[in-house]
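>>> only geometry, no sequence info:
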């Protein structure tokens with residue numbers, strides 16, 4: 001009789017344990033499925049920073065960095081889409097995208113409108129492009145030179161105007177343009193002597209154009225560096241996303257991943273220029 005009762009108890013205990021195991025398994029399966037999809041707008045035409053039109057897998061420095069971030073945050077699934085620059089912030093503001101990456105600078109307006117992780121994605125290195133025999137190496141060397149007009153209101157124009165204010169002893173001929181002439185054409189204008197110098201961030205693929213076209217044009221050392229950041233749509237659930245990404249960005253900077261990707265896509269290390 002005792003043996004029968006003992007067996008019954010064991011069977012009852014096993015049944016309970018089995019039920020608990022099943023419950024944990026079901027809960028585990030449920031948690032495993034709780035992966036949130038994050039829609040990301042990347043630049044469509046900014047090789048090697050990022051490029052890839054709709055339906056094409058984005059490539060470049062920022063898409064590779066996003067993949068490295070996602071590998072450390074398995075609770076998210078990053079879905080990237082190449083988007084025209086003019087449409088990125090609009091799509092982000094309306095919530096069509098959770099994130100946007102396009103070499104963005106911080107600004108008070110953007111900080112009010114979006115979450116911006118404190119740690120940067122990279123650095124925009126401003127350089128001067130000129131003919132090899134020009135002798136131009138720094139901003140003061142541009143005095144008396146013809147400079148390619150910069151896009152009105154753009155980062156390059158603002159940089160040159162600020163530099164002029166800070167260095168009034170050097171008078172530069174800075175002009176604004178809304179023509180939107182592609183930078184490969186601008187490099188041709190340096191080559192043929194129409195202009196003496198072009199000031200631009202170096203992450204747009206200028207060196208690739210110079211090499212492919214065999215232009216007699218060289219880039220200076222960086223004359224200015226500005227951190228670049230990702231923008232995140234402001235919502236309650238995206239606050240956690242922003243915090244997660246901020247943490248991982250520091251990890252990828254510290255473990256050398258950023259420099260490896262920068263070397264791969266830009267041919268130079270970037271972290272030493274981060275502020």
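Arrived safely. Because the structure is predicted, anything quoted here is derived from the model rather than measured.
>>> partners of the residue nearest to residue 89 when sequence neighbours are not counted in the sheet?
Among residues not flanking residue 89 along the chain, residue 100 sits closest, at 6.4 Å (C-beta to C-beta, 6 or more residues apart in numbering). (Glycine included, C-beta is placed from N, CA and C.) Beta-bridge partners of residue 100, counted by DSSP bridges, are residue 41, residue 231.
>>> so who does residue 100 touch?
40, 41, 42, 83, 88, 89, 91, 92, 230, 231 (C-beta atoms under 8 Å, 6 or more residues apart in numbering).
>>> do residue 234 as well
Residue 234 makes contacts with 113, 114, 115, as judged by C-beta under 8 Å, 6+ apart.
>>> And residue 73, by the same measure?
Counting by C-beta under 8 Å, 6+ apart, residue 73 has contacts 244, 245, 248.
>>> now the residues you listed as a markdown table including neighbour count?
Shown next, in a markdown table, are these (neighbours: other C-beta atoms under 10 Å):
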| residue | neighbour count |
| --- | --- |
| 244 | 16 |
| 245 | 24 |
| 248 | 20 |
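>>> Run through the helices of the stretch 51-200 of the chain in chain order.
Here the stretch 51-200 of the chain has its helices, by DSSP state H, counting those that start in this stretch, at 61-72, 85-94, 108-113, 155-166, 183-191.
>>> From the chain's centroid, how far away is the shortest one?
In terms of C-alpha atoms, centre = their mean, to the nearest Å, the centre of helix 108-113 is found 17 Å from the chain centre.
>>> Please apply the same query to stretch 81-93.
Put simply, stretch 81-93 sits 13 Å off its chain's centre (C-alpha atoms, centre = their mean).
>>> Which positions in it come out as buried?
81, 82, 83, 88, 89, 91, 92 (16 or more other C-beta atoms under 10 Å).
>>> Same list, those, but as a markdown table with pLDDT and distance to residue 135 please.
What follows is the buried residues of stretch 81-93, written out as a markdown table (pLDDT from 0 to 100; distance: C-beta to C-beta, whole Å):
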| residue | pLDDT | distance to residue 135 |
| --- | --- | --- |
| 81 | 94 | 44 |
| 82 | 91 | 39 |
| 83 | 89 | 41 |
| 88 | 89 | 39 |
| 89 | 90 | 40 |
| 91 | 94 | 45 |
| 92 | 95 | 43 |
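>>> Closest one of these to residue 167?
Proximity of the buried residues of stretch 81-93 to residue 167 (C-beta to C-beta) peaks at residue 89, which lies at 31.8 Å.
>>> measure that closest one to residue 206 for me?
24 Å (C-beta to C-beta, to the nearest Å).
>>> if you compare the helices of the stretch 51-200 of the chain, which one is most tucked away?
With neighbours taken as mean count of other C-beta atoms under 10 Å, the helices of the stretch 51-200 of the chain reach their highest mean count in helix 61-72, at a mean of 20.
>>> which other helices and strands contact that one?
strand 36-43, strand 50-51, strand 76-83, strand 99-104, strand 122-131, helix 236-254, helix 257-266 (3 or more C-beta pairs under 8 Å, 6 or more residues apart in numbering; DSSP states H and E).
>>> Out of these, which gets nearest to residue 274?
Per C-beta to C-beta, nearest to residue 274 of those: strand 122-131, 5.3 Å.
>>> residues touching the residue lying closest to residue 140 once chain neighbours are set aside, list them.
In space, residue 140 comes closest to residue 170 once its chain neighbours are excluded; the distance is 4.8 Å by C-beta to C-beta, 6+ apart. With contact set as C-beta under 8 Å, 6+ apart, residue 170 has these partners: 139, 140, 142, 143, 164.
>>> Which entry within those corresponds to the minimum pLDDT?
Among the contacts of residue 170, residue 164 carries the weakest pLDDT, at 94.
>>> correct me, but that one touches residue 157?
No. Between residue 164 and residue 157 there is no contact under C-beta atoms under 8 Å: 10.8 Å.
>>> tell me, what's touching these two both at once?
residue 174.
>>> May I have the predicted confidence score for residue 31?
Model confidence at residue 31, given as pLDDT, is 49.
>>> Many thanks, we can stop here.
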